[in-house]
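1. Okay, sequence plus prediction incoming.
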Amino acid sequence: MARGINQVMLMGRLTRDPETRTTPSGKTVTSFSLAVDRGTQDDQADFFDVTAWEKTGELVAQYLSKGRRCLVQGRLRQDSWDDKESGKKRSKVEVVAFDVTFLDGPNGDGGSAPSQSSDSGSNTKNKDVVIEDIDDKPIDLSEIPF
């Protein structure tokens, strides 16, 4: 009999700063929420609660914040409980992340933060590297060292 598959991949922006806590057994767990655009004209989004454990969660808490983009790979987990106030059965589906890829730089610009000059009067410009000598010769595989 074939095993079931429970895998999810989401790319979106954090809707809040990650929150880290420690379980009674000493494991760290980080929770955050992700907004994923539907890609339609009406700018709708789906919102997902994400949990990342131990090292993955620690890195998320250290490097991500509200508004930053990331790619989350994980599995879905459903929890059920009885609401203490109303007595009704409640349930929630969340993503348990096993890999989180950071897609933005600290300023949300898709790269690293630009370096700031201590001299406020200096004018810095980005320098483009231009490669002028490109040939279309085939690559000799015997020259590759691995």
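-> Now that the structure is in, tell me what you want to look at. Numbers count the residues shown, from 1 in each chain.

2. chain center to the strand or helix carrying R21: distance?
-> Per DSSP states H and E: R21 is located in strand 19-22. Its chain's average C-alpha position is 17 Å from that of strand 19-22, according to CA atoms, centre = their mean, to the nearest Å.

3. by contact count, what packs against the next helix-or-strand element following it?
-> Remark: after strand 19-22, the chain's next helix or strand is strand 28-37, criterion DSSP H and E. Secondary-structure packing of strand 28-37 (3 or more CB pairs under 8 Å, 6 or more residues apart in numbering; DSSP states H and E): strand 8-14, strand 19-22, strand 45-53, helix 54-63. From N, CA and C alone the C-beta is placed, and that goes for glycine too.

4. switch to 10 Å and redo it
-> In terms of contacts (3 or more CB pairs under 10 Å, 6 or more residues apart in numbering; DSSP states H and E), strand 28-37 is packed against strand 8-14, strand 19-22, strand 45-53, helix 54-63, strand 69-82, strand 89-102.

5. Can you add distance to S142 and give the ones you listed back as a markdown table?
-> What follows is the helices and strands packed on strand 28-37, written out as a markdown table (distance: least, CB to CB, whole Å):
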| stretch | distance to S142 |
| --- | --- |
| strand 8-14 | 39 |
| strand 19-22 | 51 |
| strand 45-53 | 45 |
| helix 54-63 | 41 |
| strand 69-82 | 38 |
| strand 89-102 | 35 |
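
6. Specify the beta-bridge partners of the residue nearest the centre of the chain.
-> Geometric centre of the chain, nearest residue: C70, 2.4 Å, by CA atoms, centre = their mean. Beta-bridge partners for C70, by DSSP bridges, are G12, F102.

7. Output the below-cut-off pLDDT ranges for the protein.
-> 1, 106-137, 139, 143-146 (pLDDT under 70).

8. now do 80
-> Low-confidence segments of the chain (pLDDT under 80): 1-2, 39-43, 104-146.

9. Pull the contacting residues for R75.
-> Contacts of R75 were listed using CB atoms under 10 Å, 6 or more residues apart in numbering, and they are 5-8, 94-98.

10. Please report the number of neighbouring residues for the closest residue to K27 other than its chain neighbours.
-> Once flanking residues are discounted, K27 sits nearest to E54: 5.9 Å by CB to CB, 6 or more residues apart in numbering. Counted with other CB atoms under 10 Å, residues neighbouring E54 total 11.
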